[in-house]
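A.B. asks: take this sequence and fold it.
(2 chains)
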Amino acid sequence: MPQHPTNSLANAAGVAAPPPTSPVQLTINGQQHTLQIAPWTTLLDALREYLHLTGTKKGCDHGQCGACTVLVDGKRINSCLSLAVMHEGDEITTIEGLGTPENLHPLQQAFVDHDAFQCGYCTPGQICSAQGLINEDRAHTEAEIREHMSGNVCRCGAYVGILNAVKEVVDKK
Amino acid sequence: MSTTNYIGKPTSRVDGPAKVTGTATYAAEYQVANMAYGYVVSSPIAKGKITKIHADEVLALPGVVQVFSHENVPSLAWFDRSYKDLVAPGGSPFRALHDAEIKFSQQPVALIVAENFELARYAASVLRIEYQQEDHETSLETQRAKGYEPGAGKTGFQPPPAPRGNPDKAWEEAPHRMEAEYVHGAQHHNPMELFTTTVEWRGEGKITAYDKTQGVYNVQQYLTKIFGLKKDDCRVVNEYMGGGFGAGLRPQYSAFLAVLAALELKRSVRLTLTREQMFSFGHRPHTLQYLKLAANADGTLAALQHHALHETSQFEDYTENVVNWSGMLYQCENVKLGYQIAKLDMYTPLDMRAPGAASGSIGLEIAMDEMAYAAGLDPLEFRLRNYAERDQNVDKPFSSKKLRDCYHQGAAKFGWDKRTQAPGSMRNGDGKLMGWGVGGGVWDATQQKAAAKASITADGKLTVSTATGENGTGTYTIMSQIAAETLGLPIEAVTFKLGDTDLPESPLQGGSWTAASVGSAVQSTCAALGEKIFKLAQKMDDSPLRDAKFEDVEFASGQLRLRADHSQAVVLRDVLQASGEAKLEADSSVMPNMVKQNGYSLHSHNVVFVEVTVDEDLGTVHVTRVLNAVAAGRILNLKTARSQVLGSVVWGIGMALMEETVMDHKFGRYMNHNFAEYHVPVNADIHDIDVLFVEEEDDIVNPLGVKGIGEVGMLGVAAAVANAVFHATGKRVRDLPVMIDKLL
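C.D. replies: Now for the predicted structure:
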């Protein structure tokens, strides 16, 4: 019977203390925030758990699903794979910064019109990713949009609607 | 006011703006004061015992609040029945942190609670636990001889019907025969939202659990029984669920552990599982199916035999209806169906979208394709020659069945008549091998008991509520449509509330029965409210409705008017204001009409046409075109119903080409328990998908005439892909998913 490796992080000498917190300044959707957090805090957890900006979603915490996609200086990143302290001085845009229920961003309106979601959990990440894609200006055909939106998993399988929604906004540019 | 006829229209989701702006609130997103964070530690071994937990080492860390394990859980309910939820299979439910015994890999063995998430995660990563390993068995292949017929322990499970005719003799004597085994691996639901429970401590033993679930009442009864809580002290809420697919039918250990910690610590606690842990609480079971079909010279089925074996845990008899569908989808006089399960050292499987039927339709629909080829018939023509006019399993007529329309309209739209029969005979514009395949299925049209309440205020705003769920199916939208149309109100005047045990009870969100069950309750409740409004309207000065009966009036476009003379009308808002009542209320509870339904078999049907291209050198398969034709009664919302079927096709493509949770039998552990290695379809995998709803009227199934749409669309998709691959390449893959190595 194969033996599982024992936990290499812990040993009889004791467990290393967690790192201390320090102030971190973040600019999110144009607003300045100062957080007192440990350096191991991801940007995703800073947004959700410390700033209560829960529009950005956690789907895997490993950069495999895209639900946590936000825009940093206009570029789309997986916020679960990035530490909050790395983003002092950056302009961070989350889904809350794109539009509101009363004043939807064109991508948000297109997602509603094309029923480009079902449960809605991957949707903020899809929309931020689509905005990032538009900023990159490298996807124009349906095949290109499909390819460059493939970092965002939708388990409900709303890909037909997502393609049509993104295409509609891309075509208007 | 414009028309208030909403039913059947492609109304955009009323919860759409909340979802696209990130303001829809999921279980992990409720903000409560003084909250601690939980993190689960999972067992690395599949079987054995915990011998030591070095909790003191992590309790020494500043900010770690507690380490819960079997060593310090309080005394909880003793008997198994307290741990049985509404859809528990037979056997003895798993109890987290109950004792030192390990029954499956990734079993939760400890819960860390800390002041913040990062610290809880860190403490979980360094907590040392010692185990004594024992030999485990996780291979279904080795347990073929140990399969047994389970009892009818689970709601909705029906053992296969008794054999009919003489299936062995008929098979032996028929001119065309086939027999083969079909296999698919385990699959996991993997909704995008991680399982989470935020427990708000309300003081004095009272809690509110914001839980990811498909049934708040199911979770409430589970928690109250285990922890001895009063219902009023244990409110369960789920307003938005980030995907369920069956994963949230049973209360999960995350809910149990979060509530345990909150009650023990007298403090609010949030617990979110990791994506890896999402592979630890149930799956579509690895299933082995054996089919023997025979056809007569005229292309009619002479015999049909279908046997299935799948895995279950050591402690529960998980069951699903895998083979029963094969006795009712096609006309055949000689049928034998068999179903067995076998125990393994793993967690109990769990209903996953179209449980049983999605698996069974792989075996049956690939076998039907093989049989058609053996009999020299086009696979669609073969199905038409064996069309079942009655449900032979129960010897009853169908309440409605427009599958023939699906076949004809679907084939016409897909262009099936241009198909050439020989494998490898078709190529696309780029010269790639192209194949066309067909498959389909049948699913239950079920209605459950449901209750609702409604209230309307003097300004004409209607609120309707019941504790059903919204996991992407469009519940908020279709219920708002039904309510608005029943009372002739604009949909903007309707607020629909759900997912809260403070609301009237609705069934679990599953089985494709929500539209039928909850929709009927919403319609009935709004009609009851309408009758109250009508009585007030009759009391108005000079009321044009004074002498009318309730049957003679209708609610439309903000008015209450005579059906026969629309000019005889009163404005709804005027009625409410004239009455002097600030608010009118009604409630009702609706059961299925068993008297009406009893003489019939109630089912939805579909057929799927699939086009694939296959690269001869690389073995890569692309599903380039799909048409899914569905007969599911009345469609309440063309937009959301279409999305459900589109999603079902995506699921079928995943099942056919990539989804499989692979067990490493040495460790008794799933190897690919993450999104990087458990592949689900991404945008680039999906091409043209078309959905066709055929007209199907049915006043027997329920007053709304709806059959449900969440599962039927998935049936036969995986088989149709495999059949299309055969048509393209001549290679018959009977072991899904169809991966490159199986084609080269």
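A.B. asks: and the closest residue to chain A within the stretch 451-600 of chain B, how many neighbours?
C.D. replies: Of the residues in the stretch 451-600 of chain B, the one nearest chain A is residue B:472, at a distance of 3.1 Å by CB to the nearest CB. Glycine gets a C-beta too; all of them are placed from N, C-alpha and C. Neighbours of residue B:472 under the rule other CB atoms under 10 Å in any protein chain shown: 32.
A.B. asks: now do the contacts for it.
C.D. replies: Residues near residue B:472 by CB atoms under 8 Å, 6 or more residues apart in numbering or on different chains: A:117-120, A:156, B:241, B:243-244, B:647.
A.B. asks: between those residues, which sits nearest residue A:65?
C.D. replies: Residue A:65 lies nearest to residue B:243 out of the contacts of residue B:472, by CB to CB, at 11.6 Å.
A.B. asks: do you know the pLDDT at residue 173?
C.D. replies: Let's take chain A. With respect to pLDDT, residue A:173 has a value of 82.
A.B. asks: if you could check chain B rather than the one you did, that'd help
C.D. replies: pLDDT, residue B:173: 98.
A.B. asks: identify the residue spatially nearest to it, adjacent ones excluded.
C.D. replies: Leaving aside its chain neighbours, residue B:173 sits nearest to residue B:302 (7.6 Å; criterion: CB to CB, 6 or more residues apart in numbering or on different chains).
A.B. asks: quick one: name whatever helix or strand follows the helix or strand harbouring that neighbour.
C.D. replies: For residue B:302, the host element (DSSP states H and E) is strand B:301-312. The helix or strand immediately downstream of strand B:301-312 is strand B:316-317, counting by DSSP H and E.
A.B. asks: distance from the strand holding residue B:302 to the middle of the chain?
C.D. replies: Chain-centre distance of strand B:301-312: 23 Å, with CA atoms, centre = their mean, to the nearest Å.
A.B. asks: equivalent analysis for stretch B:160-169, please.
C.D. replies: 31 Å.
A.B. asks: which residues does it contact?
C.D. replies: B:292, B:303-305, B:323-324, B:327, B:332-339, B:392-394.
A.B. asks: if we go to 7 Å?
C.D. replies: Contacts of stretch B:160-169 with the rest of the structure, by CB atoms under 7 Å, 6 or more residues apart in numbering or on different chains, involve B:303, B:305, B:323-324, B:327, B:333-339, B:392-393.
A.B. asks: buried members of the residues you listed into ChimeraX, please.
C.D. replies: ChimeraX command restricting the contacts of stretch B:160-169 to the buried ones, with burial defined by 16 or more other CB atoms under 10 Å in any protein chain shown:
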select /B:303,305,323,324,327,334,335,336,337,338,339,392,393
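A.B. asks: for residue B:364, state which of the contacts of stretch B:160-169 is nearest.
C.D. replies: Proximity of the contacts of stretch B:160-169 to residue B:364 (CB to CB) peaks at residue B:323, which lies at 8.3 Å.
A.B. asks: I'd guessed that closest one sits against residue B:309; true?
C.D. replies: No - with contact defined as CB atoms under 7 Å, residue B:323 does not count as touching residue B:309 (10.4 Å).
A.B. asks: how about the nearest residue to residue B:171, chain neighbours excluded?
C.D. replies: Excluding the flanking residues, the one nearest residue B:171 by CB to CB, 6+ apart is residue B:303, at 4.0 Å.
A.B. asks: thought that neighbour was touching residue B:296?
C.D. replies: No - counting by CB under 7 Å, residue B:303 stays clear of residue B:296, with 9.7 Å between them.
A.B. asks: quick check: neighbours shared by these two?
C.D. replies: Taking CB under 7 Å, 6+ apart as the contact rule, the neighbours common to residue B:303 and residue B:296 are residue B:174.
A.B. asks: for residue B:324, see how far away the residue of the stretch 251-400 of chain B found nearest chain A is.
C.D. replies: Closest contact between the stretch 251-400 of chain B and chain A, by CB to the nearest CB, is at residue B:275 (4.1 Å). To residue B:324, residue B:275 is 34 Å away according to CB to CB, to the nearest Å.
A.B. asks: show me how chain A divides into domains.
C.D. replies: For chain A, the structural domains run A:22-98, A:106-172, going by automatic domain parsing.
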